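Trainee: Here you go, sequence then predicted model.
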Amino acid sequence: MKQFSYVRVTSPDAAIAAVSKDKSATFLAGGTNLVDLMKSGVTGPERLVDINRLPLTKIEETKTGLRIGALVKNTTVAEHPLIIKHFPLLSLALKAGASPQLRNMATVGGNMMQRTRCHYFYDTAMPCNKRAPGSGCGAIGGFNRMHAIFGASDKCIAVHPSDMCVALTALDAVVTVKGPKGERKIPFGDFHRLPGDTPEVDNTLQRGELITAVDIPFNEVAGYAHYLKVRDRASYAFALVSVGAALSLKDNNIADVRLAMGGVAHKPWRLKEAEAFLKGKKATIENFQEAARIVMAPAKSQGSNEFKLTLAPNTIVEALKLAAANGNI
Amino acid sequence: MGTDKKSEPLNRVDGRAKVTGKAKYFAEFEVPGLTYCVMVTSTITRGTIATINTKNAERAPGVLAVYTHLNMPAVPGWADQPNSNAKLPSGGEKYRMLGSNKILFNGQPIALVVANTLERAQYAASLVTTTYNKTEHQTDLLKNTQKAAMPGRFGDYTRGEQKEAYKTAPVTIAADYTIPVEVHNPMELAGILAIWEGEDQLKVYAKTQGVKATQRTLAGAFKIPEKNVQVYSEFVGGGFGMGLRTWPQEVAVVAAARQLKKPVKLVMTRQQMFSLVGHRPYTIQHISMGADKDGQLQGIYHEATAETASYDDFTEGTVAMTRFMYACPNVTTKYRIVPLDRGVPIWMRGPGEATGAFALESAIDEMAYKVNMDPLDFRVKNFAETDPEKNKPFSSNNLKEAYQLGSEKIGWNKRNREPRSMKDGEWLVGYGMSTGVFGAHRGESACRAQLNADGTLILQSATSDIGPGTSTAMVQIAHEVTGLPINKIRFELGDAALPPSGSQGGSATVSSVGSAVFDTCTALKALLSEAGLAFEDGTVKPVVGKTATMQQVLATQNKTFFEVTKSSKGGAEQDKYSMYSFSIHFAEVRVHPHTGVVRVKRVVTVADSGRIVSPKTAASQMIGGVTGGIGMALTEEAIIDHRFGRFVNNNLGDYHVPVSADVPHIETIFIDKPDPYSNPMGSKGMGEIALIGFSAAVANAVYHATGKRIRELPITPDKILSA
Ligand SMILES: Cc1cc2nc3c(=O)[nH]c(=O)nc-3n(C[C@H](O)[C@H](O)[C@H](O)COP(=O)(O)OP(=O)(O)OC[C@H]3O[C@@H](n4cnc5c(N)ncnc54)[C@H](O)[C@@H]3O)c2cc1C
Ligand code: SF4
């Protein structure tokens, strides 16, 4: 590991100042992703700005929803009574991720910023456009069982690994960020980006900008929610495909619906067309299947992830079925 | 012992030390002036190092030395050995770490950096730069089967008709089975701590399954007498076979320590452990089988082809089980190895047999369904009363009873045998079974007993405990022979200076070392008797007609303890009988038809391994073995990108060992009947049989649940969906 200096800040402005004026500085939250990346030589910041003491650790009720501070731990979010009451999907998604030990350390901001788990990205002896722009994409033509079926480019086919973000995109969350030029709000769906020609850029956060909070507006879909994560072992594995589904059901009619997927694209994948199709329809298997068909139209396999073309629609249908059947769990 | 008397379940005698952190593992020893070694490894798979620049690393803070092929201190014992394997099927040049600029596999160490802190060594290692001349490499077994060669061990075998008899049988099956590379991945990382206490006096703390073997290897490598090499390895955080060798990088660290005249410690990274401490080899197998319409086997043909390194032959008993498991008149087995540009494999729990049993026990299931028989009835029908390979009686074989007990417990006969006929909600339900078998070996082993004046008994042997609970079993044996209370007996191991024993492998420790403990305690009894003393009521008392207490006897003999050392090994019975341990595994699974997820819901596993010496640790062995079997069946696979010859999932996040949520309640049943010939305790080994065959039970259960036959492990959701 490279040597680095460490500074602990106590105000967001100090944090922003520390990182925006020093190109080699970066924020340290729970450290569960950043430190691993430093150890494997993927990233080598010269200065860590520890933001754990910032007063961004509350979950508060606002007039229109809940506001979650960027430094709230994943465990705290998952177990918070207000979250479980209003946004059970978020709680379920978080609990499907990582392990309890990791969730105890991981923060909301860090979770959003976590980098892909693409094997080639992690191994500095392999080509990877995301880690070393221009070196090529090791995953294309290689082992890409975990990789994207939507929105990939010929530069990068990685997926965003977060479970939490799948729920947040489904729930129309809004991210508040603060930077040297002040504060701005980013709709969750615009936070992460597709790889295009610049896969090294994961998201739309600018240098020096700090995530301060995530707002989730109240909705009607808390009654029927399910997060279905298909993975290679029962726990502690990243999603092959995951689906977050939340419904508002009246006499088996879908009054409102939210659907998003993980493990399929460079960003959490919101399924808006499928939502539009389902809205106002009956909660039947046939309708779920049709929704899945709509989602899958642009899907493209990369080789070893061919099975996702079957798994993804099946998981959409299963998640909707379980959400509709389980009610609020 | 050797009787039907059941042993009491003991807690691990070292359990408390382990959970409180008092137990010290090799990497935890602190010695003055300790230095830290970090390895730089090759990023190409085959070729030569053109240039290697160590200047920046050497100048980095705290660095004591950077060794490459240009300045590696000589390992005198290596220089003596021939430099090529020309006579072996692998045929390549011998691998000598840092011995030349040749790269034989990806991840091969190309530099050792030694510094005064670990972090400094790591940083300096990142500053070493290398250029290579790459040549074409071959890492894919499937693309190199034309190089398959017959190794020196495990030659071809035929019983009955030479010509594949299965072909003319009324009912036939033929199928191919594949297992991927599996890596042992014990929790504890591999490495060594080397301290030279003089020009020819070496002391090491090691992670090894055999302190004597490590002592021999190091004495040979440095051409010093064995007694000059102290090897300590009291606690080992799991081995599963990877600790059965003293690896070249460990020898190299000892050489570095000698030249630096400083203690040096190497703890390998998890990534490095995928390439440098062996693995279960990728193996493809073909089985053809013929039976008559009533399900009587007529012929089996079993051929296995496995990878080895270009620089070393690795072989294992992959097809061994097929030769004797069933009463089948015509059997042919073949075993081939293919040299590849890869690190050499090594035995991994249930070595060979676990691979072979997956194929054989899957094929047996396929055949049972083809002749429309229950797979259990099919096995009973083809049960071998005597060993058809060696033409000898089994020393003991209670398989039929095991079939019975296991099937009752899981409710085998209550299931609907028809594939894809049972459901639990959306989930498909399936039951599968399989058999496991492994030789009941007994090696030579010695033990020293010291009975102190205070009535405590110390037993010593140079064996290891990689986790099964060796000390617990030994204390139990001593307790049963002497009647002394458990807390008065201590067993000492993990020190090469103790009376010699073999390595902990092949499920032979209880049989070998246990026999030595048994014989030594028996000899101690005789010694006491000569002195007018005897073990009685958990202590030592004068025999009837004598009055002198042990303390008085010792005082008159001018001693503070009684002592006896005995060596023990099997006799003629070892040749007269065919000795095996057996296991039967039953698994109940759930398979999701739409997501392809497989969950093992319930397991019943029955061990026929003679008398159970230590019931609690024996049950733990079975649970651990089945857990490894779940990994083999469902989750474990080390993947190589053959374009680069490099592993892509060499970490515990991406190489999936089963986690708690993957492991259901595992019901363990022991036949617990003494084997009359195996050893004085009547025990047989159980470490391997716990895992051997289990993957087939799962694959068979998946077939029963879904009607899909998955012949390639692990059975991940994608395989179910695309079958
Ligand atoms: C073995 C393993 C398994 C895992 N499994 C899963 C899984 O199944 N599902 C899943 O979703 N996740 C999983 N994770 C990932 C885990 O969720 C992330 O590591 C964690 O959420 C990161 O949060 P952190 O606070 O530790 O971030 P850090 O590691 O501290 O930071 C990560 C990045 O975010 C930046 N950052 C942090 N906070 C802010 C902020 N407020 N503003 C701007 N930038 C910020 C940092 O600079 C850094 O670049 C797993 C991780 C591991 C190690
Ligand atoms: S998929 Fe993206 S992250 Fe993976 S190797 Fe290609 S460029 Fe790198």
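Mentor: It's in. Ligands and ions are numbered 1, 2, ... in the order given.

Trainee: Is there proximity between stretch A:233-252 and chain B?
Mentor: Yes. Interface with chain B: stretch A:233-252 contributes A:Arg233, A:Ala234, A:Ser235, A:Tyr236, A:Ala237, A:Phe238, A:Leu240 (CB under 8 Å from any CB of the partner chain). Any C-beta I mention is one placed from the backbone N, CA and C, and that applies to glycine too.

Trainee: For the third one, grab phi and psi.
Mentor: So the one you mean is A:Ser235. Note on A:Ser235: its backbone torsions stand at phi -150, psi 160 [degrees, to the nearest 10].

Trainee: pLDDT score for it?
Mentor: At A:Ser235 the predicted local confidence, pLDDT, stands at 96.

Trainee: And it, how far from ligand 2?
Mentor: Using CB to the nearest ligand atom, to the nearest Å, one gets 25 Å for the distance from A:Ser235 to ligand 2.

Trainee: from the residues of stretch A:233-252 next to chain B, which is closest to ligand 1?
Mentor: Each of the residues of stretch A:233-252 next to chain B was scored against ligand 1 by CB to the nearest ligand atom, and A:Phe238 proved nearest at 4.9 Å.

Trainee: Which residue is the nearest non-sequential neighbour of the closest residue to ligand 1 within the stretch 151-300 of chain B?
Mentor: For the stretch 151-300 of chain B, the nearest residue to ligand 1 under the criterion CB to the nearest ligand atom is B:Arg270, separated by 11.8 Å. Leaving out its chain neighbours, the residue that sits closest to B:Arg270 by CB to CB, 6 or more residues apart in numbering or on different chains is B:Asn651, at 5.6 Å.

Trainee: try B:Val277
Mentor: B:Met242 (4.4 Å).

Trainee: Hmm, the one you found is touching B:His184, no?
Mentor: Yes. Counting by CB atoms under 8 Å, B:Met242 touches B:His184, with 4.3 Å between them.

Trainee: mean confidence for the longest helix seen in chain A?
Mentor: Of all the segments of type helix in chain A, defined by DSSP state H, the longest one is helix A:308-326. Averaged across helix A:308-326, the pLDDT comes to 96.

Trainee: and what of stretch B:652-671?
Mentor: Confidence over stretch B:652-671, taken as the mean pLDDT, stands at 97.

Trainee: Check stretch B:289-306 too.
Mentor: Mean per-residue pLDDT for stretch B:289-306: 97.

Trainee: which residues touch B:Arg709?
Mentor: With CB atoms under 8 Å, 6 or more residues apart in numbering or on different chains as the criterion, the residues that contact B:Arg709 are B:Ala175, B:Ser362, B:Glu366, B:Ala699, B:Tyr703, B:Ala723.

Trainee: Looking at these, which are in helices?
Mentor: When helices are assigned by DSSP H, the members of those inside them are B:Ser362, B:Glu366, B:Ala699, B:Tyr703.

Trainee: contacting residues around the third one?
Mentor: When contacts are counted by CB under 8 Å, 6+ apart, B:Ala699 touches B:Phe358, B:Ser362, B:Asp365, B:Gly432, B:Ala633, B:Arg709, B:Ile710, B:Arg711, B:Leu713, B:Ile715.

Trainee: Please list which of the residues you listed also come close to ligand 2.
Mentor: The overlap between the contacts of B:Ala699 and the neighbourhood of ligand 2 (criterion: CB under 6 Å from any ligand atom) is empty.

Trainee: for those residues, which one is nearest B:Ile287?
Mentor: B:Ser362 (8.1 Å; CB to CB).

Trainee: Need the per-residue pLDDT for the nearest residue to that closest one once chain neighbours are set aside.
Mentor: Nearest in space to B:Ser362, with sequence neighbours left out and distances taken as CB to CB, 6+ apart, is B:Ala696 at 4.9 Å. Looking at B:Ala696, its pLDDT stands at 98.

Trainee: Helix or strand: which one has B:Ala696?
Mentor: Element membership of B:Ala696 [criterion: DSSP states H and E] is helix B:694-706.

Trainee: swap in A:Tyr120?
Mentor: Element membership for A:Tyr120 (DSSP H and E) is helix A:119-122.

Trainee: next one: the following helix or strand past that helix to chain centre, how far?
Mentor: Elements were assigned by DSSP H and E; along the chain past helix A:119-122, the next helix or strand is helix A:164-170. Averaged C-alpha coordinates place helix A:164-170 at 6 Å from its chain's average position (CA atoms, centre = their mean, to the nearest Å).

Trainee: Helix A:164-170 - what's its average pLDDT?
Mentor: 98.

Trainee: And the contacts of it?
Mentor: Contacts of helix A:164-170 with the rest of the structure, by CB under 8 Å, 6+ apart, involve A:74, A:77, A:87, A:89-90, A:92-94, A:97, A:108, A:111-112, A:188-189, A:192, A:214, A:216, A:227, A:242-246, A:258-262, A:267-270.

Trainee: Show me which positions of that helix end up buried.
Mentor: When burial is assessed from 16 or more other CB atoms under 10 Å in any protein chain shown, helix A:164-170 yields the following buried residues: A:Met164, A:Cys165, A:Val166, A:Ala167, A:Leu168, A:Thr169, A:Ala170.

Trainee: Please narrow the contacts of B:Ala699 to those residing in strands.
Mentor: Those of the contacts of B:Ala699 mapping onto strands are B:Gly432, per DSSP state E.

Trainee: Now stretch B:177-195: average pLDDT?
Mentor: Per-residue scores along stretch B:177-195 average to 98.

Trainee: Is chain A within reach of that stretch?
Mentor: No. With CB under 8 Å from any CB as the criterion, chain A is not reached by stretch B:177-195; the gap is at least 12.3 Å.

Trainee: Now do that stretch: distance from first to last residue.
Mentor: End-to-end span of stretch B:177-195 (CA to CA, to the nearest Å): 47 Å.

Trainee: Please apply the same query to stretch A:67-79.
Mentor: Terminal residues of stretch A:67-79 are spaced 15 Å apart (CA to CA).

Trainee: That stretch near ligand 1 at all?
Mentor: Yes. For stretch A:67-79, a contact with ligand 1 is found by CB under 6 Å from any ligand atom, at A:Ala70.

Trainee: what residues does that stretch touch?
Mentor: The set of residues that contact stretch A:67-79 without belonging to it, under CB under 8 Å, 6+ apart, is A:29-30, A:51-52, A:54-61, A:83, A:90-91, A:94-95, A:97-98, A:100, A:102-109, A:111, A:164, A:210-216.

Trainee: And for stretch B:42-55?
Mentor: With CB under 8 Å, 6+ apart as the contact definition, stretch B:42-55 has outside contacts at A:125, B:66, B:68-70, B:101-111, B:128-139, B:341, B:644-646.

Trainee: can you check stretch B:405-413 too?
Mentor: For stretch B:405-413, the external contacting residues (CB under 8 Å, 6+ apart) are B:376, B:431, B:433, B:584-586, B:588, B:602, B:604-606, B:667, B:669, B:671.

Trainee: Show me what from chain B comes close to chain A.
Mentor: The interface of chain B toward chain A, taken as CB under 8 Å from any CB, is made up of B:43, B:119, B:122-123, B:126, B:426, B:592, B:594-597, B:599, B:634-635, B:639, B:641, B:643-644, B:646, B:648-649, B:651, B:653-654, B:656, B:658-662, B:716-718, B:721-722.

Trainee: could you dump stretch B:74-94 to PDB, C-alpha only?
Mentor: Coordinates of the C-alpha atoms in stretch B:74-94 are reproduced here as PDB (Å, rounded to 0.1, in the frame of the first residue of the first chain):
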ATOM      1  CA  ALA B  74      21.400 -20.600  -3.100                       C
ATOM      2  CA  VAL B  75      19.300 -23.400  -1.600                       C
ATOM      3  CA  PRO B  76      22.000 -26.100  -1.500                       C
ATOM      4  CA  GLY B  77      19.700 -29.000  -1.600                       C
ATOM      5  CA  TRP B  78      17.900 -27.800  -4.700                       C
ATOM      6  CA  ALA B  79      21.200 -27.600  -6.700                       C
ATOM      7  CA  ASP B  80      21.700 -31.400  -6.200                       C
ATOM      8  CA  GLN B  81      18.500 -32.400  -7.800                       C
ATOM      9  CA  PRO B  82      18.100 -32.900 -11.600                       C
ATOM     10  CA  ASN B  83      16.900 -29.900 -13.400                       C
ATOM     11  CA  SER B  84      14.400 -31.500 -15.600                       C
ATOM     12  CA  ASN B  85      11.400 -33.800 -15.400                       C
ATOM     13  CA  ALA B  86      12.200 -35.300 -18.800                       C
ATOM     14  CA  LYS B  87      11.300 -38.700 -17.500                       C
ATOM     15  CA  LEU B  88       7.900 -37.700 -16.200                       C
ATOM     16  CA  PRO B  89       4.800 -37.100 -18.200                       C
ATOM     17  CA  SER B  90       4.800 -33.500 -17.200                       C
ATOM     18  CA  GLY B  91       8.200 -33.400 -18.900                       C
ATOM     19  CA  GLY B  92       9.000 -29.800 -18.300                       C
ATOM     20  CA  GLU B  93      11.800 -28.000 -16.600                       C
ATOM     21  CA  LYS B  94      11.800 -28.200 -12.800                       C
END
